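Asker: Return a 3D structure for these sequence lines:
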Amino acid sequence: MTIIKNDNDKKRKLVNDNNVSKETNGSKRKLERKESRALKHQRQSQNRKNFDLITESKSIWSKLCRQRNSSNETKKLMYEMMNIITGKMSELISYHDASRVVQSAIKYGDLKQREVILKELAPLIPELSKGQYSHFTVKKLIKYCARTSDSRKIIIKHLKGKMCKLSTHVFGARVLEDLFGNFPEKEVSILKHEYFGPQFTLLLEVGSNSSKSMKDVSLQNVVNKYPDKRSVALSHLLGLLKTGVEKELLSLKFFQNNIIYEYISCAKEKDLHKISSQLYDDSVHILSTKNGAKSVAKLAAYGNAKDRRRIMKSLKGSVREVILNKNAYFVILSIVNVTDDTVGVKKTILDELISYKKEELKEPKTNVSPILELAMNENASKLFLLILAQESPLFNTYFHPFEIEILKPVMIEVNGENVPTSKKDPEQRFKELSDFTRTGLYDLCTTHTKELMRSIPGSKVLAEFYCSFPSEELCLKITEACDEESEEHKLSIFEDVVGHRFVKNLLLMECDEAKGLKKRNYKNVDGFSFASIFYSKFKGRLMLIASSSRGAFVVASLAQIRVVKNAVKNELLNDIKPIKLKAKDTKGLEALLAAIEVE
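Answerer: The predicted model follows:
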């Protein structure tokens, strides 16, 4: 009996009672768990086939997975494991826990042990690939056993004829993703025939007299060989494509490369309309491979206004990530290039790029433009070049041949006539887009002038913006950037490999007689001249600029411009002797000498 004298004693009693209660409840729970495990063990021992075998192998498996095991201990445990599971693997593989035993044997086994496992499981690979647990074992076989040519041939042999069913199976597709990702292209190419239909597999096997003819199995090449089978192949691929869309397999790389791309690249306009609209809604998931991105770009080019809106809606929230991706950036270029709905492009794509990210809105970095990263990126900067440089003679030099092919106007047949898929005047469309991006680009070019001038993609964006929207303030910013010393870069802008070329080309835009560079068609609406502003800034210091070969090329360009030509010559004639003396050994001074001596 506890005597309670005051409140403190009462509190102390309550705490003691609570502790006793917790200990009692904890003991009860432990006892319940122990009894539950005992019942489970008894039930499995009576109902589960190979219970003793699984229990014994799991005991070794728990030791095998320890990281502190030495190589000798691992070999010993693997020897014991193989003695138990050899000949019984097909029975163990269907159980969740037992399949892990086999997987660990594949992982820790040596070459011979893996060969034993592969030979035993090889005939079952197609069925195992469809199992919820067993497909992980096949993935392990592909990863570890496929390190030798003979093992790869065994796996390919047993997958042959089963590719279409596995490609559209929830678990089988994951197995094929590893297969195409780990096996050499030339070895798995024979399996791709099955995607075009069973008759193609037979035709190509019978007609292939050498392994060389089996290397390129793209649908386009196959159809060129058998043109009368085109519709059959497309129909078969379309069936696989629709099933893959329903089962959400679009994000798998093998599915994008071997099914989506093969169909879309070979399909004509009428064939593209047969594709499920869900493919447009899930476009963002097809951009993990370059072939997948090409497929989306073609869908955007040949689609109607509604299709393009679906694609843009799918990309919403991921536009910046997409345009910075080296395999997917040209999808944005394609959409911007063909979409007549400029308001939709502004809201869905451009506004997301030009605005700050949501997490930056609370504390925006006022000194850093949100599009600086894009302008300095080789691929992302091409979006701004596409918008700004439509009339530039340098337009084709800014893009790779395959990009130019994507950006070509797409023609479709309407009432017997070929008409472009874009109905709006391209000049008007790009004018609206350039007006929308003008403010953001102006802030970029005036805030980060030095960084842009020293970057190859950045200098292109800066030059095209200057030509599209020339302003005296921007000229002053560029001139000041030329005169400022950089803490990050030891070389001045006139000695920088990119910076000196930017300044030189900007000057030559005002030169009527520039050689090797087409004169740019732009108007200085305010009547200013970059050459005049530049000379006013560096008057009396031209020989200092020309002290390096690159700087001499800049001064030579300045000497060719009519408004400052005489003033530049008069300043340099005082140093004509050292210029002539060094011109023989310095290309820049040689060009400068030719510029100031020409009457």
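Asker: How many neighbouring residues does the closest residue to Ala380 other than its chain neighbours have?
Answerer: Once flanking residues are discounted, Ala380 sits nearest to Leu374: 4.0 Å by CB to CB, 6 or more residues apart in numbering. The C-beta positions use only the backbone N, C-alpha and C, and glycine is treated the same way. A count of nearby residues for Leu374, using other CB atoms under 10 Å, gives 24.
Asker: Would you agree Leu374 is in contact with Leu353?
Answerer: Yes: using CB atoms under 8 Å, Leu374 makes contact with Leu353 at a distance of 6.3 Å.
Asker: Mutual contacts of the two, please.
Answerer: Overlap of the contact sets of Leu374 and Leu353 (by CB atoms under 8 Å, 6 or more residues apart in numbering) consists of 320, 323, 383.
Asker: For the second one, list the residues it contacts.
Answerer: Read that as Ile323. By CB under 8 Å, 6+ apart, Ile323 lies in contact with 329, 332, 353, 374, 379-380, 383.
Asker: phi, psi of Glu510?
Answerer: phi -100, psi 0 (degrees, to the nearest 10).
Asker: Next, find the distance separating it from Cys445.
Answerer: As judged by CB to CB, to the nearest Å, Glu510 and Cys445 stand 19 Å apart.
Asker: Neighbour count: those two, which is higher?
Answerer: A direct count of neighbours by other CB under 10 Å for Glu510 and Cys445 places Cys445 higher, at 25 against 22.
Asker: Report the contact partners of that one.
Answerer: Counted by CB under 8 Å, 6+ apart, Cys445 has contacts 452, 461-462, 465-466, 474, 477.
Asker: What lies in contact with stretch 124-139?
Answerer: Contacts for stretch 124-139 (CB under 8 Å, 6+ apart): 90, 93-96, 99, 102-103, 106, 121, 141, 155, 158-159, 162, 165-166, 169, 171-172, 174-175, 178.
Asker: show me where the stretch 301-450 of the chain has strands.
Answerer: Taking DSSP state E, counting those that start in this stretch to define them, one finds strands in the stretch 301-450 of the chain at 411-414, 417-420.
Asker: just those: most buried one?
Answerer: strand 411-414 (a mean of 12; mean count of other CB atoms under 10 Å).
Asker: Paired strands for that one, with orientation please.
Answerer: Strand 411-414 has its sheet partners listed here by DSSP bridges as strand 417-420 (antiparallel).
Asker: What mean pLDDT does the strand it pairs with get?
Answerer: Summarised as a single mean, pLDDT over strand 417-420 is 76.
Asker: contacting residues around that strand?
Answerer: Residues lying outside strand 417-420 but in contact with it, judged by CB under 8 Å, 6+ apart, are 409-413.
Asker: Return the closest of those residues with respect to Cys482.
Answerer: Cys482 has its nearest neighbour among these in Pro409, at 39.9 Å by CB to CB.
Asker: What's opposite the residue nearest to the closest one when sequence neighbours are not counted in the beta bridge?
Answerer: The shortest distance from Pro409 to any non-neighbouring residue, by CB to CB, 6+ apart, is to Pro420 (4.9 Å). Counting by DSSP bridges, Pro420 forms beta bridges with Met411.
Asker: Look up how far Gln278 lies from Pro420.
Answerer: 27 Å.
Asker: Over to Leu388?
Answerer: Counting by CB to CB, the gap from Leu388 to Gln278 is 36 Å.
Asker: who's more crowded, those two?
Answerer: Using other CB under 10 Å as the criterion, Leu388 and Gln278 rank with Leu388 on top: 26 against 13.
Asker: show me what contacts Ala380?
Answerer: Shown in contact with Ala380 (CB under 8 Å, 6+ apart): 323-324, 329, 373-374.
Asker: Kindly recompute the last result at 10 Å.
Answerer: Residues near Ala380 by CB atoms under 10 Å, 6 or more residues apart in numbering: 320, 322-326, 329, 332-333, 353, 371, 373-374, 457, 461.
Asker: for Lys107, same thing?
Answerer: Residues in contact with Lys107 (CB under 10 Å, 6+ apart) are 64-65, 78, 114, 140, 143-144.
Asker: Of the residues you listed, which is the nearest to Pro578?
Answerer: In terms of CB to CB, no member of those lies closer to Pro578 than Lys143, at 68.7 Å.
Asker: Give the residue spans of the stretch 101-250 of the chain that score low on pLDDT.
Answerer: Along the stretch 101-250 of the chain, the model assigns pLDDT under 70 to residues 201-216.
Asker: if you set the cut-off to 90 instead, what comes out?
Answerer: Across the stretch 101-250 of the chain, residues meeting the criterion (pLDDT under 90) sit at 101-102, 132-134, 145-148, 185-187, 189-194, 196-233.
Asker: What segments of it are strands?
Answerer: In the stretch 101-250 of the chain, no strands are defined using DSSP E, counting those that start in this stretch.
Asker: In a helix, Gly87, correct?
Answerer: No: going by DSSP: H, G, I helix; E, B strand; the rest coil, the assignment for Gly87 is coil, not a helix.
Asker: how close does it sit to Leu53?
Answerer: Gly87 sits at a distance of 11 Å from Leu53 (criterion: CB to CB).
Asker: Between the two, point out the one with more neighbours.
Answerer: Set Gly87 next to Leu53 and count neighbours by other CB under 10 Å: Leu53 wins out with 16 against 9.
Asker: and that one, what element?
Answerer: helix 51-64 (DSSP states H and E).
Asker: Okay, buried residues for that helix please.
Answerer: Judged by neighbour count (16 or more other CB atoms under 10 Å), helix 51-64 contains these buried residues: 53-54, 56-57, 60-61, 64.
Asker: Sounds good, over and out.
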